[in-house]
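Novice: make a model of this:
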Amino acid sequence: MKCVRLALASLLLLPAAAAAEQQGKLRNISACARRNIPEPDSIRAIRVIARDRLGAKRVTVVRLYGRWTKAGRRQQLLEFIEPAELRGSKLLILEGTDQTEIYFRSAELGRVKRISGGGRASALFESDFSYEDYEYLEGLRSSGKSKRVEDAVIGTRPVYVLETRPAEASNSAYELIVAFVDQKTCVPLRIEFYETGRRLRKELTIDPAEILQRGPAWIPHSVLLRDIRDYTTTLILVDRSEQKALPPEMFSVEAFQHLTDPVGAPSE
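Specialist: Predicted coordinates for the structure are as follows:
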């Protein structure tokens, strides 16, 4: 069965300076959402299906290796399998205390490039998703201030509503992100990304019917992102997932500079 191990806890960020009661509420929601993040180490085969405004389809296949450090930080190594022009390209993501480090390498580039500042707004997976969007999707964004506002209902599902304003120093492409988090599963059913002037730019949605329980975690089968301005869509699916111990050195920047085939790759 296809299963998406996508962590969406990044929009449940604790505010840097907020009332104690507000902090407590956010901590409770964040802790609940964090239980939906797969652990321990895992390997996932992911398909990203992007369609442009004319309906033309582009499929990107990625193998994702993830692990937790002893300090409770997450590390990811993404290896691009398809299309042919991206095959062999790799992305290293290291969660930090204040920000996440992102490194990219490809045969065409011929070197390792660090993705930072405004570069995080550029496209990832040849789709609507930017590097920044992916950070929010996987729960890797840690800068900014969040607050819980009045609860709402999506369909028949009660949801918590959280507003996040990215820190100015983060060079975010967004002024505001609003997450509507299902009170039963702690999975966001909708996330709205607003540009300057509170213009809705992107909307991420998850159908409650696509969320199934796996042990203590609630896992969505698919995630859909719509770019409101450009009339494009991206669907993310996970075709295969397995848990397997991965060596820490596999996620070091030094090893990434000389990386070929990661250790522990699942058989095709």
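
Novice: alpha carbons only: can I get stretch 158-174 in PDB?
Specialist: Provided in PDB are the C-alpha atoms of stretch 158-174 (Å, rounded to 0.1, in the frame of the first residue of the first chain):
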ATOM      1  CA  PRO A 158     -12.700  20.700  13.600                       C
ATOM      2  CA  VAL A 159      -9.300  22.200  13.000                       C
ATOM      3  CA  TYR A 160      -6.800  24.400  14.900                       C
ATOM      4  CA  VAL A 161      -5.800  27.500  13.000                       C
ATOM      5  CA  LEU A 162      -2.200  28.600  13.200                       C
ATOM      6  CA  GLU A 163      -0.600  31.700  11.700                       C
ATOM      7  CA  THR A 164       3.100  31.900  11.100                       C
ATOM      8  CA  ARG A 165       5.000  35.000  10.100                       C
ATOM      9  CA  PRO A 166       8.500  34.100   8.900                       C
ATOM     10  CA  ALA A 167      11.500  36.000  10.400                       C
ATOM     11  CA  GLU A 168      12.700  38.800   8.200                       C
ATOM     12  CA  ALA A 169      16.200  37.400   8.300                       C
ATOM     13  CA  SER A 170      15.100  34.200   6.800                       C
ATOM     14  CA  ASN A 171      14.500  35.800   3.400                       C
ATOM     15  CA  SER A 172      11.200  34.000   3.100                       C
ATOM     16  CA  ALA A 173       9.100  34.300  -0.100                       C
ATOM     17  CA  TYR A 174       6.000  34.600   2.100                       C
END
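
Novice: what residues of that stretch count as buried?
Specialist: 159-166, 170, 172-174 (16 or more other C-beta atoms under 10 Å). For the C-beta atoms, the positions are set from N, CA and C on the backbone; glycine is no exception.

Novice: ok, stretch 244-261 next?
Specialist: Taking 16+ other C-beta under 10 Å as the criterion, stretch 244-261 shows 246, 250-251, 255-256, 259 as buried.

Novice: quick one on the thing from earlier: now the buried residues of stretch 158-174 as CSV including secondary structure, distance to Arg214 and pLDDT?
Specialist: Supplementary listing: the buried residues of stretch 158-174 in CSV, determined by DSSP: H, G, I helix; E, B strand; the rest coil; distance: C-beta to C-beta, whole Å; pLDDT from 0 to 100:
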residue, secondary structure, distance to Arg214, pLDDT
Val159, strand, 21, 95
Tyr160, strand, 22, 93
Val161, strand, 26, 94
Leu162, strand, 24, 91
Glu163, strand, 29, 93
Thr164, strand, 27, 90
Arg165, strand, 33, 91
Pro166, coil, 31, 88
Ser170, helix, 32, 78
Ser172, coil, 32, 88
Ala173, coil, 32, 90
Tyr174, coil, 31, 93
